[in-house]
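Participant: return a 3D structure for these sequence lines:
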Amino acid sequence: MSVSRHDAFICYAREDSESADRLYNNLKKAGLNPWLDKKNIRGGQNWKNAIKDGIKNNRYFIPLLSTKSVRKRGYSHKELKYALDILDEYPPNTVFIIPVRLDKCNIPYEKLSDIQFIDMFPRARWSKGVKEILQSMEINPQVSLEKRRPRDESVKLEGHQDIFTKKPVDYTHESKSRTIEKEPKKPSFNSMSKLLQEGNVKEFNRLREKFPNYTIYLTEANLSGKNLYRANLSGVNLLRANLSHAVLTEADLSNANLSGAFLLGVHLNDANLAGANLTDADLTQANLLDTNLTRATLFNANLTDANLYRTDLSSANLVSAILVRARLEDTNFSFSTLRNIKEYEGVKCDNCDFNNTIINNQELVNFLKSTNAKNVPGVTDD
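Facilitator: Down below sits the predicted model:
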């Protein structure tokens, strides 16, 4: 990707420094790139500016709340208020702030109290709390957070005797006579990723059909240039995946998580992306001809030079999306949201339908009315 972003900004008070370090190490161990002031602010930097940039450039904000941090004055409150302001830029139901309680403290600020928090106490609950944080970030929580002693499943039966005959008991006959029906073993995420790497879409789809309720995590997978024609990727977590120049023609990506994905020049014509999350995705030069993007979230997505001819974007969220030189001819924007669209130079939108579309930019409305677009609405006040 063109910009390397951190995953989670850890906000804490000085009294909770030890907990912040521990969470930082847990997230690093899970393969993430967390942001912590003592780890990421370099000597000579303006620390206030570095913190603001850190909050803006992180996908998630994790405030560590404790009785001491909530009651005392400190810069952590400024960080939290700044993050709450940024939260307004995200579409509804998008997770950005993940509040974490270190003890039984009150949640400060009414706006923050509306967000579900995660408890990391008592101490024995810490590992479970980390897994809940990863789940909130839509990251595979099946990571080893604590070193565990391997379980010895071998059972020694030597020396066991029948209490009447005093002869050794043979347990093997009984065990062999039993028929134990085991559930079919689910494939690992690595094996599923390997199938896509090899272009074995047929086997991948077969396993998806065999385990329909199995959520697959392919976070940061590198599938650049792969032929995934008609792949069943419905509901798959492809967070920050590299799919540049991949062929996904007629693929099913409905409800998939493609947040932060790199989709430069990808072929998605006739694909199903209904309800998909494409927040912060880079779709520069992407081919989305006749693609279904109904109810999709394209918040802050980059659609520069993308081909969306005859694409269905009804009820989609395109807040702050970049539409420079995008081809939007015959595209359906009915009931979609185009708030804060500021970059749309050279866009082509002949015969686009903007019925009941929400737009809060008068200049954009005037531009659309100067084209052959249909049902262009007036400006909607914020």
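Participant: only C-alpha atoms for contact and neighbour calcs from this point on.
Facilitator: Fine.
Participant: helix or strand: which one has D7?
Facilitator: Assessed by DSSP states H and E, D7 sits inside strand 6-11.
Participant: how far is that strand from where the chain is centred?
Facilitator: 14 Å (C-alpha atoms, centre = their mean, to the nearest Å).
Participant: check which helices and strands that strand is in contact with.
Facilitator: For strand 6-11, the packing partners by 3 or more C-alpha pairs under 8 Å, 6 or more residues apart in numbering; DSSP states H and E come out as helix 17-29, helix 47-56, strand 58-65, helix 75-87.
Participant: buried deepest among these, which one?
Facilitator: Among the helices and strands packed on strand 6-11, the stretch with the highest mean neighbour count (mean count of other C-alpha atoms under 10 Å) is strand 58-65, at a mean of 23.
Participant: how far off helix 17-29 does the strand holding D7 point, in degrees?
Facilitator: Compare the direction of strand 6-11 with that of helix 17-29 by axes from the mean of the first three to the mean of the last three C-alpha atoms, to 10 degrees and you get 170 degrees.
Participant: start the count at 49 instead of 1 going forward.
Facilitator: In the new count, where the first residue is 49, that last one comes out as strand 54-59.
Participant: next SSE after the worst-scoring helix or strand of the chain on mean pLDDT?
Facilitator: Least confident helix or strand of the chain, by mean pLDDT, DSSP states H and E, is helix 220-225 with a mean of 46. Later in the chain than helix 220-225, the nearest helix or strand by DSSP H and E is helix 237-245.
Participant: how about A269: what's its closest non-neighbour residue?
Facilitator: The spatial neighbour of A269 that comes closest, neighbours along the chain excluded (C-alpha to C-alpha, 6 or more residues apart in numbering), is A289 at 4.8 Å.
Participant: neighbours around K250, how many?
Facilitator: 16 (other C-alpha atoms under 10 Å).
Participant: where does it sit, in terms of helix or strand?
Facilitator: Secondary-structure assignment from DSSP H and E places K250 in helix 249-258.
Participant: quick check: buried residues in the helix or strand just after that helix?
Facilitator: Counting by DSSP H and E, the next helix or strand C-terminal to helix 249-258 is helix 410-417. Neighbour counts over helix 410-417 (16 or more other C-alpha atoms under 10 Å) mark L412, L416 as buried.
Participant: what packs against helix 410-417?
Facilitator: Helices and strands touching helix 410-417, as assessed by 3+ C-alpha pairs under 8 Å, 6+ apart, are absent.
Participant: hang on, the earlier thing: and the helices and strands packed on strand 54-59 as TSV, adding distance to D85 and mean pLDDT?
Facilitator: TSV is the format used below for the helices and strands packed on strand 54-59 (distance: least, C-alpha to C-alpha, whole Å; pLDDT from 0 to 100):
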stretch	distance to D85	mean pLDDT
helix 65-77	10	93
helix 95-104	7	93
strand 106-113	13	95
helix 123-135	11	93
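Participant: would CSV of those with distance to I264 be doable?
Facilitator: Below are the helices and strands packed on strand 54-59 laid out as CSV (distance: least, C-alpha to C-alpha, whole Å):
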stretch, distance to I264
helix 65-77, 20
helix 95-104, 29
strand 106-113, 21
helix 123-135, 28
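Participant: wait, which of the ones you listed is closest to D338?
Facilitator: In terms of C-alpha to C-alpha, the element of the helices and strands packed on strand 54-59 nearest to D338 is strand 106-113, at 30.3 Å.
Participant: and R62, its phi and psi?
Facilitator: Main-chain torsions, R62, degrees, to the nearest 10: phi -60, psi -30.
Participant: I meant I181, not that one.
Facilitator: Phi and psi for I181, reported as degrees, to the nearest 10, are phi -60, psi -50.
Participant: gap between it and S114?
Facilitator: I181 is 17 Å from S114, where distance means C-alpha to C-alpha, to the nearest Å.
Participant: D85 is in contact with Y72, correct?
Facilitator: No - with contact taken as C-alpha atoms under 8 Å, Y72 and D85 are classed as non-touching, separated by 10.7 Å.
Participant: can you list the weak-confidence ranges in this structure?
Facilitator: Applying pLDDT under 70 to the chain picks out residues 49-54, 188-232, 429-430.
Participant: this completes my enquiry, with thanks.
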